[in-house]
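Colleague: The following comprises the amino acid sequence and a computationally predicted model.
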Amino acid sequence: MNYRWLAVPVILLAALGAAIYFNQPKIADVKGVDYINVDGDEYLSDDYITPDEEIVGDGPVRDLNVEFPITAADCDKYNPYKRDSCLLLYARMQDDEKGCSAIIDGTTRDDCYATLAIDNKDAAMCGKVKIGYQECMADVAIATSDASLCDKGDYEQQQCFKAFEAKDISLCADGYDRRYCLGAVLDSNLSSCDYIRTNSHFCNYMIALDTLSPSLCNKAGDAADSCFFRVALDSNNAQACENLSETRDSCVAWIAYNTNNKALCYQAGTQAQSCIEDLS
């Protein structure tokens, strides 16, 4: 069969594979390394995550070394650092936001609220997150496939625009990129707002793939073409290919091949003949 319409992807994959192979670092034997054996599997001591750490997740507090708490009060016997660890563990185990509110460290407290918001698919809980609100909203949007929440993924940037127009730094949102909002207002430089990271494009992209909704790809920013292509192939929807330019014909040819629809090959433009031959 003639797979000329697959040539570019295959060549790119081959080149990538060769680059990875020839640029692998040389690995020397390491002596004296401690491993942890778990049911026959070996882990580096720094890489192994205990079951209680898995409950907490990837937040800043990882060295728990505390007893599993039944109530939030069980955590009061520890020093402040371990107390926060204990409360984070309690909040996750008991699904109780009171554990989060009792945490002293702001970053850990935000992570606690965000984790409960995602676990419970509760966007309202994100309102309690001071640093990372927009990330929390985007994560809940993806978890619930609710694209209407994706706009909140640009919250910090939208607040920057409002702060600039009002010349009021109090409108700058608390977040990882607050400094850009302050710069926009204090230096009268609106372009500073453009440096604020946003999450809406990624949010819409992920939900589009999950729900196979081509219309959401229009909100996927620079990933729009990739979004349309993947949605079209995953749903065998040739109409979605019409949103593409350079890869439109390949998109139709792929779907024709996947569905064994030779008639569709005649709509594959420059890839029509190859598509017909492949299905003959």
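Modeller: Arrived safely.
Colleague: Assign N65 to helix, strand or coil.
Modeller: Assigned with DSSP: H, G, I helix; E, B strand; the rest coil, N65 falls in the coil class.
Colleague: That one: what's it in contact with?
Modeller: K82, S85 (C-beta atoms under 8 Å, 6 or more residues apart in numbering). In this view, the C-beta of every residue, glycine as well, is placed from N, C-alpha and C.
Colleague: for K98, same thing?
Modeller: A72, A91.
Colleague: Off-centre distance for the helix or strand it falls within?
Modeller: Taking DSSP states H and E as the definition, K98 sits inside helix 97-101. Computed by C-alpha atoms, centre = their mean, to the nearest Å, the chain-centroid distance of helix 97-101 equals 25 Å.
Colleague: May I have it exported as CSV, CA atoms only?
Modeller: Extracted as CSV, the C-alpha positions of helix 97-101 are listed here (Å, rounded to 0.1, in the frame of the first residue of the first chain):
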residue,chain,number,x,y,z
GLU,A,97,-12.4,22.0,54.7
LYS,A,98,-12.1,23.0,58.3
GLY,A,99,-8.7,21.2,58.2
CYS,A,100,-7.6,23.6,55.5
SER,A,101,-8.8,26.7,57.3
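Colleague: List the buried residues in that helix.
Modeller: Residues of helix 97-101 classed as buried: E97, G99, C100 (neighbour count, 16 or more other C-beta atoms under 10 Å).
Colleague: ok, residues contacting the next helix or strand after it?
Modeller: Counting by DSSP H and E, the element after helix 97-101 in chain order, helix or strand, is helix 106-120. Helix 106-120 is contacted from outside by 57, 59-61, 84, 87-88, 91-92, 95, 97, 99-101, 103, 122-126, 128-132, 135-136, 139-140, 143, using C-beta under 8 Å, 6+ apart.
Colleague: Check which element follows helix 106-120 along the chain.
Modeller: Next element after helix 106-120 (DSSP H and E): helix 133-144.
Colleague: Next, report how far that following helix is displaced from the centre of its chain.
Modeller: On C-alpha atoms, centre = their mean, the centre of helix 133-144 falls 9 Å from that of its chain.
Colleague: Run through the neighbouring helices and strands of it.
Modeller: helix 106-120, helix 155-166, helix 200-211 (3 or more C-beta pairs under 8 Å, 6 or more residues apart in numbering; DSSP states H and E).
Colleague: mind putting the buried residues of helix 97-101 in TSV, pLDDT and distance to L212 included?
Modeller: Putting the buried residues of helix 97-101 into TSV (pLDDT from 0 to 100; distance: C-beta to C-beta, whole Å) gives the following:
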residue	pLDDT	distance to L212
E97	96	34
G99	97	38
C100	97	35
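Colleague: Report how many residues lie close to A223.
Modeller: Residues lying near A223 (other C-beta atoms under 10 Å) number 16.
Colleague: which residue ranges form the strands in this structure?
Modeller: For the chain, the strands defined by DSSP state E cover 35-38, 41-44.
Colleague: if we can go back for a sec, Serialize the buried residues of helix 97-101 to a markdown table and add fields for distance to L244.
Modeller: As requested, the buried residues of helix 97-101 are exported to a markdown table (distance: C-beta to C-beta, whole Å):
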| residue | distance to L244 |
| --- | --- |
| E97 | 45 |
| G99 | 48 |
| C100 | 45 |
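Colleague: Among those, which one sits closest to A238?
Modeller: Using C-beta to C-beta, E97 comes nearest to A238 of the buried residues of helix 97-101, at 47.4 Å.
Colleague: Thanks a lot, see you next time.
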